[in-house]
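Asker: I'll drop the sequence and a predicted model, then ask my questions.
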Amino acid sequence: MNNSVRLNFKKSSNLIFITAGLIIFLQLVLPLLSKSEVNPIYLVAINILVVGGVGLLVRQGYNWTKYFALLLCILCLIEVAAIVTGQTTDFATQVASIAQLLLLTWATIILFANLKRK
């Protein structure tokens, strides 16, 4: 694997790790500030572990991890669609969810564009 391929996997994994940080903000910090419903801690932990695990696998440079990133992107799209169309969510939650979707989409695009150039 050449250096540009490794660099793209590293960029993509960094974006996925930033998404995990947004999950922490979205699930733990934002409900405390806006007095909205708090998810159970085990669901938040599972969510962070799955996203972080995919980030670690991408950082290792496995080519098949692009499909996990694509799956995360699709699941995040479904979540964002539910949050944006919901009437009970506040603006900050919607913005954080959209930012999470954009980061995952960009990470997935980097992975797929990387493999197309080979």
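Answerer: Here it is on my side, so go on. Numbers count the residues shown, from 1 in each chain.
Asker: buried residues in stretch 19-30?
Answerer: By neighbour count on 16 or more other C-beta atoms under 10 Å, the buried set for stretch 19-30 is 19-20, 22-23, 26-27, 30. (Glycine included, C-beta is placed from N, CA and C.)
Asker: quick one: which of the residues you listed is nearest to Leu71?
Answerer: Leu71 lies nearest to Thr19 out of the buried residues of stretch 19-30, by C-beta to C-beta, at 13.4 Å.
Asker: where does the protein dip in pLDDT?
Answerer: 1-5, 33-39, 88, 114-118 (pLDDT under 70).
Asker: could you pull out the helices for it?
Answerer: Taking DSSP state H as the criterion, the chain contains helices spanning 3-24, 30-34, 41-60, 65-85, 91-117.
Asker: just the buried residues of the fourth one, please?
Answerer: Along helix 65-85, these residues count as buried under the neighbour rule (16+ other C-beta under 10 Å): 65-66, 68-70, 72-73, 76, 80, 83.
Asker: likewise for the longest one?
Answerer: Under the neighbour-count criterion of 16+ other C-beta under 10 Å, helix 91-117 has 93, 96-97, 99-101, 103-108, 110-111, 114 buried.
Asker: and that helix, how far from the chain's centre?
Answerer: Computed by C-alpha atoms, centre = their mean, to the nearest Å, the chain-centroid distance of helix 91-117 equals 7 Å.
Asker: for that helix, name the packing helices and strands.
Answerer: Applying 3 or more C-beta pairs under 8 Å, 6 or more residues apart in numbering; DSSP states H and E, we find helix 91-117 packed against helix 3-24, helix 30-34, helix 65-85.
Asker: quick one, which of those gets closest to Leu56.
Answerer: Each of those was scored for nearness to Leu56 using C-beta to C-beta, and the closest is helix 3-24 (7.3 Å).
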